[in-house]
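Peer 1: Got a sequence here, can you model it:
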Amino acid sequence: MKGRCPGVHPFIGEGFDRERALRFWDGIASWYSGAQQGPMVDEVVEHLHRTGVLHGEATVLELGCGPGTYSLRVAPLVRSMACLDTSKSMLDRLLFSAGELGLTNIRVVMADFAEHVPEERSSVVMASLCPGTASVDGLRRMESCAKDHCAHITWTSNGWDDLHAKVWNEMGKDYSFEARGSDLAARNLRSMGREPEITGFSAEMEHVMPLERAVSEFVRDFSAFGRGLEAEPFVRKVLEPLAKGGEFRYRSHNSMRLLVWDV
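Peer 2: Purely as a prediction, here's the structure:
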């Protein structure tokens, strides 16, 4: 609609402070997944490798690494991989996966990127879907840890999150993820005198599962906000029209943006 302002992010609408945000990420660590990125994760890493940002002698630091969606793919291509996150549970998952894959060049750092001061700079600093890194302060923090390159990865569209926003809207909350489609990080970098290389990635995603499983997963997601039981009837209202014969089916066009710049 003309003149409509996008709704606020659920974290803002639910009044999250720093401590509650930290608890949130730790609480969802057991089920958090990069599945909505589909083949884009490999495509981003391949692009960084092909263009020489990632190479066999590179040392890499990833801020907000989560369970290692990117780190586990980057590590085999570089000399060393440092993985920073505030969530011990996320880092425990990452280390377990690294062990299963036989990766020995990964180390984890439990810290807030906004406060982290490394002993030495890494060749490359990455931030993949890490809240706060698109701000001028966040981008400067990335640069302060890097010697050669920075790489910033964000969503531009994610249909699965859009379904969550519809549930919030049914609950009477004007929440959305529309702001992610902005070019805030690129604009902030240009204000800093940087000219980032911008590359877009996209994937057609299809989700097929029993309706009750989809409902259960959505209710679980809302339970992280303390609203699981409250959300269930609204989850059903949004998901049931997308199901036939007890099977939930949903297609979405998901997209991401990669910014790379020299330090």
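Peer 1: Follow the chain on from the lowest-mean-pLDDT helix or strand in the chain and name the next helix or strand.
Peer 2: The helix or strand of the chain with the poorest confidence is helix 18-27; it has a mean of 89 (mean pLDDT, DSSP states H and E). Using DSSP states H and E, the helix or strand that follows helix 18-27 towards the C-terminus is helix 40-50.
Peer 1: how about that next one as CSV, C-alpha atoms only?
Peer 2: What follows is helix 40-50, C-alpha atoms only, in CSV (Å, rounded to 0.1, in the frame of the first residue of the first chain):
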residue,chain,number,x,y,z
MET,A,40,23.2,-20.3,-1.7
VAL,A,41,25.6,-21.1,1.2
ASP,A,42,27.8,-23.2,-1.1
GLU,A,43,27.4,-20.6,-3.9
VAL,A,44,28.6,-17.8,-1.6
VAL,A,45,31.6,-19.8,-0.4
GLU,A,46,32.5,-20.9,-4.0
HIS,A,47,32.3,-17.2,-5.1
LEU,A,48,34.6,-16.1,-2.3
HIS,A,49,37.0,-18.9,-3.2
ARG,A,50,36.9,-18.3,-7.0
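Peer 1: And it, what's buried?
Peer 2: By 16 or more other CB atoms under 10 Å, the buried positions in helix 40-50 come out as 40, 41, 43, 44, 45, 47, 48, 49. Quick note: C-beta positions are derived from backbone N, CA and C, even for glycine.
Peer 1: Could you find the closest non-adjacent residue to residue 145?
Peer 2: residue 125 (4.8 Å; CB to CB, 6 or more residues apart in numbering).
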